[in-house]
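Chemist: Structure for this input, please:
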Amino acid sequence: MMGKPVAEHEWLAQLVGEWEWEGEVSPQPGQPPHKLTGVERVRSLSGMWFICESAGSHGDECGIEHVVTLGYDPDRGCYVGTWIGSMMSTLWVYQGQLDETRTRLLLCSDGPDCFDAGKISHYRDIVVIIDDDHRELHSEVQREDGEWEKLLVTRFRRTG
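Modeler: Next up, the predicted model:
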């Protein structure tokens, strides 16, 4: 049962550190985006799992927190993880792959539709590595016509 980190785990290691972030979330189609700001600490559990703990604010709301876990499952041949946040009761479960350039990690999940209560939708979070000190997160939902709609763009800057 004892595993050892593989090359795919090394990709996640570049996330370790202290980060400041700012983002824009689209509340509803056609409405102006809301600003988000916060900080994130990413740590490693022996190079196998990576824990991303974030705290920030959303406009006038303070105290928004979320935790992401990321790892790689060699048996399944994919990245795996979870997302939980103080703003909802849903446990999001990720499964994903790196793109050909190895600069983008595509993480897919299914969960409650943010625009249509009672419906389940497909989501994807895309972690984009810009350079050693900058990355982005793009969150999207798949609409009924199959097109992907942007929900959130977050820009991270390493501070430590």
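Chemist: where in the protein is pLDDT low?
Modeler: Where the chain drops to pLDDT under 70, the residues are 1, 29, 59-62.
Chemist: list the contacts for the residue positioned nearest the centre of it?
Modeler: For the chain, the residue sitting closest to the mean C-alpha position, by C-alpha atoms, centre = their mean, is residue 125 at 5.2 Å. Under the criterion of C-beta atoms under 8 Å, 6 or more residues apart in numbering, the neighbours of residue 125 are 83, 94, 106-107, 109, 137-140. All C-beta spots, glycine's among them, are computed from the backbone N, C-alpha and C.
Chemist: what about the strand or helix carrying it, distance to the chain center?
Modeler: Using DSSP states H and E, the element containing residue 125 is strand 120-131. Taking C-alpha atoms, centre = their mean, to the nearest Å, one finds strand 120-131 lying 6 Å from the centre of the chain it belongs to.
Chemist: Output that strand in CSV with nothing but the alpha carbons.
Modeler: What follows is strand 120-131, C-alpha atoms only, in CSV (Å, rounded to 0.1, in the frame of the first residue of the first chain):
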residue,chain,number,x,y,z
ILE,A,120,-26.5,18.6,-12.1
SER,A,121,-23.9,20.1,-14.5
HIS,A,122,-20.4,19.3,-15.7
TYR,A,123,-17.7,21.7,-14.5
ARG,A,124,-14.0,22.1,-15.2
ASP,A,125,-11.2,23.9,-13.4
ILE,A,126,-8.1,24.6,-15.4
VAL,A,127,-4.9,25.4,-13.5
VAL,A,128,-2.6,27.4,-15.8
ILE,A,129,1.1,27.8,-14.9
ILE,A,130,2.3,31.1,-16.3
ASP,A,131,5.8,31.0,-14.6
